[in-house]
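Visitor: next one to model:
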Amino acid sequence: MSAIPASNKPIPLTVEEYFKLDEGSEIRYEFNEGFLKPIDGTSARHNRIVRNSSNVVDSIFRPRGCSVFTESVKLEVVKSKHYAFPDVMLTCHGFDLHSDYLMYFPSLIIEVLSPSTADYDRGMKFRRYQNIPSLDYYLLIERKQCLVELYCRTENPRKWTYQVYTEIEDIVDFPKLNFSLALHQVYDGITFDAPEDWD
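Guide: Model (predicted):
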């Protein structure tokens with residue numbers, strides 16, 4: 001009887017193996033039910049939009065005793081199943097404020113879209129984010145055009161509203177958090193007619 005050929009399928013990691021790998025790795029990986037998704041390096045434009053957004057949110061919420069984290073701080077999306085690194089996340093929860101490595105209770109998540117992540121951020125990732133009870137707002141920012149999308153949780157926790165902003169003069173309101181974010185703040189320093197290779 002001939003031997004059964006070895007499978008080429010990747011073997012899922014346990015969450016414990018993921019934490020150990022992530023702790024010693026220079027590359028960041030998101031974890032989804034045993035499988036890893038490396039986080040690609042970001043462009044200058046992506047980085048600037050993340051910095052602009054986080055600086056505005058931080059200036060408003062740090063005096064309120066909240067914390068804003070960018071890209072390198074891990075979020076538990078679904079316990080033992082899904083861990084991600086949002087571009088920007090705001091948390092005002094006391095448990096998170098005393099945690100160094102892992103956040104659990106964000107009220108706002110911002111993702112800056114890229115061609116390789118847009119479908120994931122709008123699709124499966126957002127569906128998973130909806131399982132976070134504390135999350136009220138999910139903001140998506142396009143980096144190559146003036147386009148911002150806002151999802152807001154309604155009084156029915158299973159339903160979300162959706163709004164689109166396309167003008168640099170537009171202002172995005174977050175009534176549950178009592179603040180606003182202007183698109184000109186988000187895109188400060190961004191030139192949309194910049195050469196393609198600049199991005």
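Visitor: hang on, N55 in a helix?
Guide: Yes: counting by DSSP: H, G, I helix; E, B strand; the rest coil, N55 is located in a helix.
Visitor: what about it, distance to A84?
Guide: According to C-beta to C-beta, to the nearest Å, N55 stands 22 Å off from A84. Where you see a C-beta, it was placed from the backbone N, CA and C, and this is true even at glycine.
Visitor: now the strands for the protein?
Guide: Secondary structure of the chain by DSSP state E: the strands cover 29-32, 35-38, 67-70, 74-78, 82-84, 88-91, 102-103, 106-112, 137-141, 148-153, 160-165, 171-174, 179-182.
Visitor: go ahead and flag the most central residue of the protein.
Guide: In the chain, the centroid-proximal residue (C-alpha atoms, centre = their mean) is P86; its distance is 2.5 Å.
Visitor: pLDDT wise, what is the residue nearest to it when sequence neighbours are not counted at?
Guide: Nearest residue to P86, sequence neighbours excluded (C-beta to C-beta, 6 or more residues apart in numbering): I109, at 4.7 Å. As predicted, I109 sits at a pLDDT of 98.
Visitor: and I168, what does it touch?
Guide: Contacts here follow C-beta atoms under 8 Å, 6 or more residues apart in numbering; on that basis I168 touches 146, 183-184, 187.
Visitor: reformat these as TSV; add pLDDT and neighbour count.
Guide: Formatted as TSV, those follow (pLDDT from 0 to 100; neighbours: other C-beta atoms under 10 Å):
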residue	pLDDT	neighbour count
C146	96	18
L183	98	19
H184	97	15
Y187	97	22
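Visitor: which members of these are the farthest-apart pair?
Guide: The span of the contacts of I168, defined through C-beta to C-beta, is set by C146 and H184 at 9.4 Å.
Visitor: mind checking the end-to-end distance for stretch 154-172?
Guide: The straight-line separation of the ends of stretch 154-172 (C-alpha to C-alpha, to the nearest Å) is 16 Å.
Visitor: and it, how far out from the chain middle?
Guide: Relative to the centre of its chain, stretch 154-172 is centred 16 Å away, using C-alpha atoms, centre = their mean, to the nearest Å.
Visitor: buried sites along it?
Guide: 160, 165, 170, 172 (16 or more other C-beta atoms under 10 Å).
Visitor: how many other residues sit next to the closest residue to D121 other than its chain neighbours?
Guide: Leaving aside its sequence neighbours, D121 sits nearest to E111 (C-beta to C-beta, 6+ apart; 4.6 Å). Using other C-beta atoms under 10 Å, E111 is surrounded by 24 other residues.
Visitor: perfect, that will be all.
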